[in-house]
Every structure is written in C-alpha cells, then in structure tokens.
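K.L.:
just coords:
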C-alpha cells in the first residue's frame with residue numbers, strides 16, 4: 001500500500017477489506033449451525049460470530065496499524081490474540097485508496113485515532129433469522145469526532161456479471177464522499193425507522209410526536225442508517241439509552257459524509273474518544289438531510305428531553 005496515501009485513507013481502505021472478511025466469518029458460523037449463544041444481559045446476546053469477527057477485525061487492523069486504539073463491543077482476554085492466518089487481511093480497497101483526503105485529515109497519526117468496532121450489529125436478529133438486518137461496523141474517529149466508517153452487510157444479495165454475490169460494503173469519509181452504494185433521496189412522506197426489539201414508553205412517545213406516515217421497526221443501528229442512506233426512511237428515532245458508541249460511530253461518519261446528521265435526542269453530538277463512556281445515554285436521532293433533522297428535533301417535547309437527560 002503506497003505510503004504516499006494519507007493514513008486515514010489507508011485505514012479506511014483496509015477496514016473495507018477487513019469488514020468483508022469478518023462478514024464471511026459471520027456467514028460461516030451461521031452455515032455451520034453452531035452459534036454458541038451467550039446471554040450477556042437482558043435481551044443482549046453474543047454469538048461465536050460476534051467473538052470471531054471481532055478477533056479478525058482487531059487482529060488484522062492492529063497488525064497493520066499497531067498504534068491504533070481499537071474498542072470492540074465484545075470483551076476478550078488481553079492474551080486472546082491468536083487467529084487463523086487467513087483472518088489477517090492485508091488487502092486494501094483500491095477505490096478508497098484513490099480518494100482525495102480532506103486537508104484537515106492529511107496529517108493524522110495512528111495515535112490520534114480511535115476505531116470503534118461492532119463485529120455483528122443486530123445479534124438478536126442474527127439468532128432469529130432476520131439476516132438482512134445484520135451488519136459489521138467499523139467506525140474511525142479523530143479528536144473524538146467520527147470521520148470515516150464502514151458498514152458491511154454479510155447477507156446482501158446482488159447479481160454481478162450474471163453471478164450471485166453475497167455481501168456488500170459501503171463506506172464514507174467526511175468531506176470526501178461515500179461509496180459502495182448509490183445514495184437515494186428521502187421518501188416523499190415522513191417514514192420513521194426505529195428499534196424492533198427495545199421499545200419502551202419514552203420510545204413510543206417520541207415516535208407519536210413525529211406524525212409519521214409509516215414506522216419501520218428493524219434491528220441494528222447500522223441497518224437503520226442504511227435505510228436513511230437508501231431513501232427507504234426519512235428519520236431514525238430512538239429515545240432510549242440502549243445504543244453504544246460502537247453502534248453509531250461508523251453509521252454517523254457515513255451519514256455525515258452523505259449530507260445527513262446523527263446526534264442524541266437533545267441535539268447534541270456524541271464524542272468518540274478513547275476515554276468516553278460507551279453508552280449513548282440520551283438516545284439517537286438521525287436524518288438524511290438537515291431539513292428533516294431539524295423538523296424531527298423540533299417535534300421532541302421538553303418533558304421527553306428532560307426524562308432522557310435524567
């Protein structure tokens with residue numbers, strides 16, 4: 001990989017290739033039928049796919065960029081670093097390598113970067129067979145701000161040259177653009193995407209005040225943001241503290257690169273530094289463009305904001 005390419009572009013290009021490999025691991029675990037499910041908490045599950053995909057991502061990126069800070073969803077012992085050699089991906093996406101890096105990111109060093117990894121976003125959906133909701137997320141932050149990200153869909157099906165291809169990887173770099181898909185304009189009517197399995201009275205209240213024509217209840221933060229990017233939904237609303245930084249870092253970076261916005265339900269942007277708290281305590285609000293975002297934020301009553309901020 002050319003050393004003349006700025007670090008942030010090289011890291012994003014490598015992350016695309018690593019996410020592809022992690023997606024194959026996710027599919028392989030499912031095809032073997034031995035998911036190895038562990039219940040981490042109420043409605044919070046981990047599978048062998050979560051564990052192995054994370055080990056692949058961290059091992060591959062650490063081998064190439066040893067000074068990175070990498071934070072993954074799944075806890076693993078410090079000495080649990082042995083992985084099969086074919087997980088140590090060294091390829092880099094050629095299209096990403098051609099990106100014009102924004103001036104303010106050209107001098108970034110490895111020590112300045114925190115990578116947030118959700119190896120399998122939508123684990124509940126994975127175990128229940130809602131495989132289209134499943135994504136692999138790699139988010140890249142600099143100075144606590146998400147600047148680049150990858151969303152890989154292991155079960156996305158497409159036809160290329162008459163052959164069926166499994167898996168799709170989309171990516172974004174702030175002020176440089178997005179790739180791997182074709183962004184679409186928002187739907188003509190207001191369509192909200194929200195949680196499939198983590199609702200509560202606050203979540204439902206936030207949905208009611210939006211006056212949406214339709215509410216889509218799906219799994220995974222990555223999949224919800226994909227709905228915004230592909231014009232299937234207008235706004236993503238989740239008035240609860242159930243999300244974590246590894247759920248939103250990559251989606252926020254890609255959404256921002258395409259002209260959208262992601263924040264908490266109060267209108268504040270989350271920070272993604274190495275020492276920040278992991279939970280997104282004040283929910284998630286995202287939209288495909290500033291007008292839709294401002295509309296959604298204006299609809300949230302003060303009492304709901306106060307309840308979330310407690």
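P.N.:
Alright, I've got the coordinates. Given the structure is predicted, the values throughout are model-derived calculations rather than measurements.
K.L.:
For the chain, which segments count as helices?
P.N.:
For the chain, applying DSSP state H gives helices covering 7-32, 48-64, 94-97, 123-128, 201-208, 221-229, 245-257, 290-299, 302-309.
K.L.:
can you list those helices in CSV and add mean neighbour count, distance to residue 144 and mean pLDDT?
P.N.:
All C-beta spots, glycine's among them, are computed from the backbone N, C-alpha and C. Output for these, formatted as CSV (neighbours: other C-beta atoms under 10 Å; distance: least, C-beta to C-beta, whole Å; pLDDT from 0 to 100):
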stretch, mean neighbour count, distance to residue 144, mean pLDDT
helix 7-32, 22, 15, 95
helix 48-64, 23, 19, 94
helix 94-97, 16, 23, 97
helix 123-128, 20, 27, 86
helix 201-208, 16, 26, 92
helix 221-229, 27, 19, 97
helix 245-257, 29, 10, 98
helix 290-299, 16, 21, 97
helix 302-309, 13, 20, 92
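K.L.:
Tell me which of these lies nearest to residue 137.
P.N.:
Smallest distance to residue 137 across the helices of the chain (C-beta to C-beta): 4.2 Å, for helix 245-257.
K.L.:
how about low-confidence regions in the stretch 51-200 of the chain?
P.N.:
The model of the stretch 51-200 of the chain has pLDDT under 70 over residues 75-81, 159.
K.L.:
Would you map the strands across it?
P.N.:
With DSSP state E, counting those that start in this stretch as the criterion, the stretch 51-200 of the chain has strands at 69-72, 113-121, 135-142, 145-160, 163-173, 177-179, 191-195.
K.L.:
so which of those strands comes closest to residue 249?
P.N.:
Among these, strand 135-142 sits nearest to residue 249 (C-beta to C-beta), with 2.6 Å.
K.L.:
Remind me what that closest one packs against, helices and strands.
P.N.:
Applying 3 or more C-beta pairs under 8 Å, 6 or more residues apart in numbering; DSSP states H and E, we find strand 135-142 packed against helix 7-32, helix 48-64, strand 113-121, strand 145-160, helix 221-229, helix 245-257.
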